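Peer 1: everything below, folded, please.
(chains A and B)
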Number of protein chains: 2
Amino acid sequence: MTAAGTPPNWRDFSVPALPPLLGAALDCFVEHGYHGTAIRTVATHAGLSVPGLYHHYPSKQALLVGIAESAMADLYARSSAALREAGEDVEARFALLVECLVLVHAYRWEHAFIAASEIRSLEGPARAGHIAARDRQQKLLDDVVAEGSRLGRFATRYPKDASRAVTTMCTGVAQWYRAGGPLSPEELAARYVQICRGTVQAR
Amino acid sequence: MTAAGTPPNWRDFSVPALPPLLGAALDCFVEHGYHGTAIRTVATHAGLSVPGLYHHYPSKQALLVGIAESAMADLYARSSAALREAGEDVEARFALLVECLVLVHAYRWEHAFIAASEIRSLEGPARAGHIAARDRQQKLLDDVVAEGSRLGRFATRYPKDASRAVTTMCTGVAQWYRAGGPLSPEELAARYVQICRGTVQAR
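Peer 2: Numbering: from 1, shown residues only, chains lettered A, B, ... in the order given. Next comes the predicted model:
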């Protein structure tokens, strides 16, 4: 598999998440911000003329929408695969979902960085669509934590708040984790599974 | 006390954190992004002419630096006051520091939102200064969690990672908490103290 997209193995990050044009736009947005990026800069970075770029994406906004939609779709596809692998046990479901969240945000920190900082730059329906995708993603973890709480496997008195806190700390990895640090994404994910088990007070 | 700044009581958010010109710039940066904000827009919002604004702040960059420095100084002053109030007990120190982090990021979410998304727009020494301020702030919690771990009061195997996770979830409140929701900042802070005690595995 060489095309961009979500590979069959949710732990595999060897394939670029974005097609080349969106990847070029992402690089530029990370460096200069969405508003600070000229469409010409994206075209140059992608090796295209400005009309050539517009042929594929009619506006800078379309590039941002493409990035946000691809990132959320990739995260949801990987999360769903992780949950399928985990099966029925609620602690396994929690552990693999946390592992998946940390891996995605360590390997693909640029997507999350842009998602967190440039949501306000998404317009109209694209903004509503992104928020809906984020809510759908959050619900995966909310449901797992609620079930763990109902079964008495997680002792937290605040399952909904704890679930959001877990999401925040795992997605927050994108704000500080960079390749070349002391821990690999996989080592970091293993630690976060333990830390997040504490957060929900797994018994 | 009517001037902007940090009040003597670290739980008091009745006084604006920023002087009026920086407050006007913050509003504009939150709405349009740093790069998307014209200096004229800030001047209009502040009721000044552009030369009048430049008289106080020589550039848009100076406004961003002013916001970042004020926000970090306010957070550190409140955190230090919370630790003084807590005294020597490590669990009390942890609880009041978490309470302080959540209150600041619920009441003053705009500062943290701009700090998280526009750091890349800070140039040269200002950027280095901001990172140093952030490290100094993080060290307050790192030291508390390390001490709790050493004393056997916190069972986490990863005190440093758990401390960062706690910071991330508390500062992340600024990304989603808005006034008018079901919980007051104070109620949210009380829940986060419990959740974060789980994260460090307080016994």
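
Peer 1: CA atoms for contacts and neighbours, from now on please.
Peer 2: Fine.

Peer 1: show residues contacting the helix or strand of chain A with the lowest mean pLDDT.
Peer 2: Lowest by mean pLDDT, DSSP states H and E among the helices and strands of chain A is helix A:109-118, with a mean of 84. For helix A:109-118, contacts defined as Cα atoms under 8 Å, 6 or more residues apart in numbering or on different chains pick out A:26-27, A:29-30, A:33-34, A:67-68, A:71, A:105, A:171, A:173-175, A:177-178, B:116-117.

Peer 1: can you give me the angle that helix makes with helix B:109-118?
Peer 2: Here helix A:109-118 points in a direction 140 degrees away from that of helix B:109-118 (axes from the mean of the first three to the mean of the last three Cα atoms, to 10 degrees).

Peer 1: quick check: next helix or strand after helix A:109-118?
Peer 2: Counting by DSSP states H and E, the next helix or strand C-terminal to helix A:109-118 is helix A:124-150.

Peer 1: so what secondary structure elements neighbour that following helix?
Peer 2: Applying 3 or more Cα pairs under 8 Å, 6 or more residues apart in numbering or on different chains; DSSP states H and E, one finds that helix A:124-150 contacts helix A:60-86, helix A:90-107, helix A:159-171.

Peer 1: just put those helices in TSV and tack on mean pLDDT, mean neighbour count and distance to residue A:137.
Peer 2: Shown next, in TSV, are the helices and strands packed on helix A:124-150 (pLDDT from 0 to 100; neighbours: other Cα atoms under 10 Å in any protein chain shown; distance: least, Cα to Cα, whole Å):
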stretch	mean pLDDT	mean neighbour count	distance to residue A:137
helix A:60-86	95	20	6
helix A:90-107	98	23	10
helix A:159-171	97	24	10
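
Peer 1: which residues of chain A lie near chain B?
Peer 2: With Cα under 8 Å from any Cα of the partner chain as the criterion, chain A meets chain B at residues A:31-33, A:35-36, A:116-117, A:120-121, A:156, A:158, A:161-162, A:165-166, A:168-169, A:172, A:191, A:195-201.

Peer 1: how about the helices and strands packed on helix A:124-150 in a markdown table, adding distance to residue A:128?
Peer 2: As requested, the helices and strands packed on helix A:124-150 are arranged in a markdown table below (distance: least, Cα to Cα, whole Å):
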| stretch | distance to residue A:128 |
| --- | --- |
| helix A:60-86 | 11 |
| helix A:90-107 | 22 |
| helix A:159-171 | 20 |
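
Peer 1: those: which one's closest to residue A:129?
Peer 2: Closest to residue A:129 of the helices and strands packed on helix A:124-150, according to Cα to Cα: helix A:60-86, at 8.4 Å.

Peer 1: which helices and strands sit right next to the closest one?
Peer 2: The helices and strands touching helix A:60-86, judged by 3+ Cα pairs under 8 Å, 6+ apart, are helix A:20-32, helix A:90-107, helix A:109-118, helix A:124-150.

Peer 1: try 6 Å
Peer 2: helix A:90-107 (3 or more Cα pairs under 6 Å, 6 or more residues apart in numbering or on different chains; DSSP states H and E).

Peer 1: what angle do the helix it packs on and helix A:159-171 make?
Peer 2: Relative orientation of helix A:90-107 and helix A:159-171, computed by the same axes, to 10 degrees: 30 degrees.

Peer 1: tell me how many other residues crowd residue A:133.
Peer 2: 18 (other Cα atoms under 10 Å in any protein chain shown).

Peer 1: distance of it relative to residue A:172?
Peer 2: 18 Å (Cα to Cα, to the nearest Å).

Peer 1: try residue A:70
Peer 2: Distance from residue A:70 to residue A:172, by Cα to Cα: 19 Å.

Peer 1: in stretch A:143-158, what's buried?
Peer 2: Across stretch A:143-158, burial judged by 16 or more other Cα atoms under 10 Å in any protein chain shown covers A:143, A:144, A:145, A:146, A:147, A:148, A:149, A:153, A:154, A:155, A:156, A:158.

Peer 1: among these, which pair sits farthest apart?
Peer 2: Largest pairwise distance in those, by Cα to Cα, is 15.1 Å, between A:143 and A:155.

Peer 1: which residues sit against stretch A:127-135?
Peer 2: Around stretch A:127-135, nothing counts as a contact under Cα atoms under 6 Å, 6 or more residues apart in numbering or on different chains.
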